[in-house]
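# next come a sequence and a model predicted from it.
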Amino acid sequence: MLVSSVHAIMATTAGIIVVSSCRENVITNRHWLATSFVLDYGVPYMAYDLFAMYLSHYYRFRVKGHEDYRGHSLRTISLFVRKESLLVLHHIALLTILLPFTLFFRNDQGDFFIGCLFLTEISTPFVSLGKILIQVGLQDCWLHKANGLMVLLSFFLCRIILFPYMYWVYGAHYGLPVYTVPLHIPLYANLGNMCILTPQLYWFILLCLKGYRLYRRQRNTNHQDSTSSPHAKAE
């Protein structure tokens, strides 16, 4: 979680720098971080994170005594991929789509949009903080609730709304209605955006459902406390 948060802060900082430096002309303005950060930090982190997720999965099931997890094998890797298929697909998509696009297919254009993609990491520190609060038993405190709201807000703005915003910015640059932008950009750009956006929508729905369940649980707990209080019994 610490490594993820540090990487997210670095990515967010790089994104803010690139976006603010390239906003005058979102197509031709350049900033060296748009390429260097992906190559020097983004790709190594994605590879590390994928490996760390596998190790976490492996040792979690090994501690539980599952026979398949007595040692590393192709079967344990296969079980990991099947159980965490969406996360694995997300990481592989970033490694196989974002990296080639960033380095080879942009013709030195669109640094602004690469910077926007860096900003998708804004929600990661809040997600990590939420996990830490749960581990130390503070899931019912006000900080966990406030952090949960920040997770939903940052995730919605920077992992979902960000994509139509980028289409809108592109359309504004060329004087195009936003709904026609997909027809004016390369097919691989649309497919890449869809590969990144689709799991974000799924995870956001899961976050909303989790938040709703926590709200219902807290509401039921408060109701039970109020009905079992001495004042309520006296009435």
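Okay, I see it. Numbers count the residues shown, from 1 in each chain.
# go ahead and list the helix or strand containing the closest residue to Tyr165 other than its chain neighbours.
Closest residue in space to Tyr165, ignoring its immediate chain neighbours: Cys116 at 7.5 Å, by C-beta to C-beta, 6 or more residues apart in numbering. Where you see a C-beta, it was placed from the backbone N, CA and C, and this is true even at glycine. Using DSSP states H and E, Cys116 sits within helix 111-118.
# and that helix, what does it pack against?
Applying 3 or more C-beta pairs under 8 Å, 6 or more residues apart in numbering; DSSP states H and E, we find helix 111-118 packed against helix 2-22, helix 33-37, helix 162-174.
# single out the most deeply packed of those helices.
A comparison of the helices and strands packed on helix 111-118 by mean neighbour count, using mean count of other C-beta atoms under 10 Å, puts helix 33-37 on top with a mean of 20.
# and that helix, what other elements does it pack with?
Applying 3+ C-beta pairs under 8 Å, 6+ apart, one finds that helix 33-37 makes contact with helix 2-22, helix 111-118.
# off-centre distance for the shortest one?
In this case it means helix 111-118. 15 Å (C-alpha atoms, centre = their mean, to the nearest Å).
# tell me the angle the helix or strand following it makes with helix 2-22.
Following helix 111-118 in sequence order, the next helix or strand is helix 124-135 (DSSP H and E). Angle, helix 124-135 to helix 2-22, by axes from the mean of the first three to the mean of the last three C-alpha atoms, to 10 degrees: 160 degrees.
# what packs against helix 124-135?
Contacts defined by 3+ C-beta pairs under 8 Å, 6+ apart place helix 124-135 against helix 2-22, helix 142-156.
# in terms of secondary structure, what does the longest helix along the chain contact?
Scanning the chain for the helix with the most residues, using DSSP state H, yields helix 187-227. Helix 187-227 sits against helix 85-93, helix 142-156, helix 162-174, with contacts defined as 3+ C-beta pairs under 8 Å, 6+ apart.
# among those, which is nearest Leu191?
Of all the helices and strands packed on helix 187-227, helix 85-93 sits nearest to Leu191, with 9.7 Å by C-beta to C-beta.
# which residues does Leu176 contact?
170, 184 (C-beta atoms under 8 Å, 6 or more residues apart in numbering).
# against Asp111, how distant is it?
When distance is defined by C-beta to C-beta, to the nearest Å, Leu176 is 20 Å away from Asp111.
# sorry, back to before: among the helices and strands packed on helix 124-135, which is nearest Leu55?
Among the helices and strands packed on helix 124-135, helix 2-22 sits nearest to Leu55 (C-beta to C-beta), with 12.7 Å.
# between the closest one and helix 111-118, how many degrees?
Using the same axes, to 10 degrees: helix 2-22 against helix 111-118 is 150 degrees.
# centre of the chain to helix 2-22, how far?
The answer for helix 2-22 is 13 Å, by C-alpha atoms, centre = their mean.
# what about the closest residue in space to Val127 that isn't next to it in sequence, how many residues nearby?
Leaving aside its sequence neighbours, Val127 sits nearest to Val151 (C-beta to C-beta, 6+ apart; 5.7 Å). Residues near Val151, counting by other C-beta atoms under 10 Å, number 22.
# do His90 as well
Neighbour count for His90, taken as other C-beta under 10 Å: 20.
# then Asn190?
Number of residues near Asn190 (other C-beta under 10 Å) recorded here: 14.
# skipping its backbone neighbours, what lies nearest it in space?
Using C-beta to C-beta, 6+ apart and skipping residues adjacent in sequence, the residue nearest Asn190 is Pro182, 5.3 Å away.
# likewise for Ile27?
Using C-beta to C-beta, 6+ apart and skipping the chain neighbours, the partner closest in space to Ile27 is Gln109 (5.3 Å).
# give me the secondary structure label for the one you found.
Gln109 falls in the coil class when you classify it by DSSP: H, G, I helix; E, B strand; the rest coil.
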